[in-house]
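Sequence and predicted structure below; questions after.
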Amino acid sequence: MLKIRQILSVFLLFSLSLLLVVGCQIYRGDQVLNEKPIVIGYSTWVGWWPWAIAEEEGLFTANKVNVQLKWFDGYLESLQALAAGQLDGNCQTLNDTIAFAADAVNGEVVVLVNDNSAGNDKIIVSEEINKVEDLRGKKVAVEEGVVDDFLLALALEKHGMSREDVEIVPLETGAAVLSFVTGKVDAVGAFAPFWLTAFQRSGSKELVSSKDFPGAIADLLVVSQKFIDEQPQQVQAIVKTWFDIREFMQKNPKRANEILAKRANVTVEDLKKFEAGVKFFTLEDNLEAFSPGNNMKHMPYAAQKIGDFLLKFKFTEKLPDINKIFNNHFVKALAGKQS
């Protein structure tokens with residue numbers, strides 16, 4: 001009888017252990033995934049559309065990570081969602097990470113640079129404006145405090161002017177473009193694909209673009225510190241998935257473009273108009289971006305510059321600890337495996 005009880009006890013312990021494991025993980029063939037999806041937000045930017053490839057082609061699953069991508073029609077909403085702890089991670093710029101990180105309930109940490117804008121952010125102007133100095137006293141529609149407002153500030157500063165020299169019309173990017181097209185403002189700051197619409201105004205032209213300021217607009221994957229603390233292996237898997245996406249894009253350009261165009265709600269032909277304006281980052285580019293330096297290609301330096309801009313124009317009252325918002329561990333680990 002004692003032996004039977006011992007066998008039953010072992011069986012019960014095994015069963016309970018199995019239930020605990022199944023309660024935390026999903027088995028798919030020989031692959032193990034986290035049961036509760038990791039929720040990553042993304043929105044309409046050329047460098048972030050490729051995440052849809054991971055979903056369509058099963059690349060998250062291949063890396064044994066259960067990710068739910070959450071699409072935001074409004075970029076600002078995605079920033080607010082991560083700061084409020086409603087997401088595990090989000091695709092956002094360095095500019096906006098600096099603006100939101102200090103008040104984020106679970107912290108915000110940059111773990112990956114997807115790309116740098118290399119022309120896909122633009123200041124587009126009406127026919128009579130031919131140089132930056134011509135913007136003096138003109139109405140410029142921008143989404144206040146975010147990337148194209150920063151681009152405008154850099155352009156004005158380069159030509160001895162400041163934001164106070166123009167009349168800022170604060171509008172969400174889509175509304176800003178509409179205001180420009182209908183002639184209510186003289187210039188607009190817009191990113192892809194919105195600037196396609198801006199150019200529908202007769203005589204409109206590009207005055208400045210992010211190509212003129214290399215490194216100024218870094219597009220990132222930002223995750224919560226809580227996510228890093230609790231599931232570092234899953235963070236690593238997501239970072240690896242990004243580079244698998246890039247490999248897929250290079251090997252399967254036609255299929256990749258179909259997925260990107262569908263996600264962006266543009267034609268494949270229009271998609272090709274954005275290619276030159278984005279510089280996707282390699283692992284080596286990532287390592288350089290995370291490192292200290294004395295120009296905008298190095299994120300710690302860029303973060304200080306951006307922080308000065310945000311404080312000067314009162315877009316934020318406090319800045320995050322710059323030393324705590326960058327974590328290069330995951331790209332370094334991946335680079336080490338590939339070396």
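Thanks, I have it. The shown structure was predicted, so the numbers you read here are calculated from the model rather than taken from an experiment.

my guess is residue 56 contacts residue 258, does it?
No: Residue 56 sits out of contact with residue 258 when judged by Cβ atoms under 8 Å, with a separation of 9.2 Å. Where C-beta positions appear, they are placed from N, C-alpha and C, glycine not excepted.

Now the phi/psi pair for residue 112, please.
phi -160, psi 140 (degrees, to the nearest 10).

And residue 115, by the same measure?
Torsion angles, degrees, to the nearest 10, at residue 115: phi -170, psi 170.

Would you check how far apart it and residue 59 are?
18 Å (Cβ to Cβ, to the nearest Å).

Same question for residue 326.
Taking Cβ to Cβ, one finds residue 326 at 25 Å from residue 59.

Then residue 141?
Applying Cβ to Cβ to residue 141 and residue 59 gives a distance of 38 Å.

mind checking the SS state of residue 295?
Recorded secondary structure, residue 295: coil (DSSP: H, G, I helix; E, B strand; the rest coil).

who's in contact with it?
Applying Cβ atoms under 8 Å, 6 or more residues apart in numbering, we find residue 295 in contact with 215, 301.

was I right about residue 47 contacting residue 112?
No: taking contacts as Cβ under 8 Å, residue 47 lies outside contact range of residue 112: 10.9 Å.

What ranges does the stretch 1-150 of the chain have for its helices?
Secondary structure of the stretch 1-150 of the chain, counting by DSSP state H, counting those that start in this stretch: helices at 2-24, 51-56, 59-62, 75-83, 94-101, 147-158.

Which elements pack onto the next helix or strand after the last one?
Where DSSP states H and E defines the elements, the next helix or strand beyond helix 147-158 is strand 167-170. Contacts of strand 167-170 with other secondary structure elements, assessed using 3 or more Cβ pairs under 8 Å, 6 or more residues apart in numbering; DSSP states H and E, are made with strand 139-142.

Identify the residues contacting residue 110.
Counting by Cβ under 8 Å, 6+ apart, the residues that residue 110 touches are 94, 97, 220-222, 290, 299, 325-327.

Now residue 268: closest residue in space that isn't a chain neighbour?
residue 261 (4.7 Å; Cβ to Cβ, 6 or more residues apart in numbering).

Can you tell me which of the contacts of residue 110 lies closest to residue 189?
residue 94 (16.7 Å; Cβ to Cβ).
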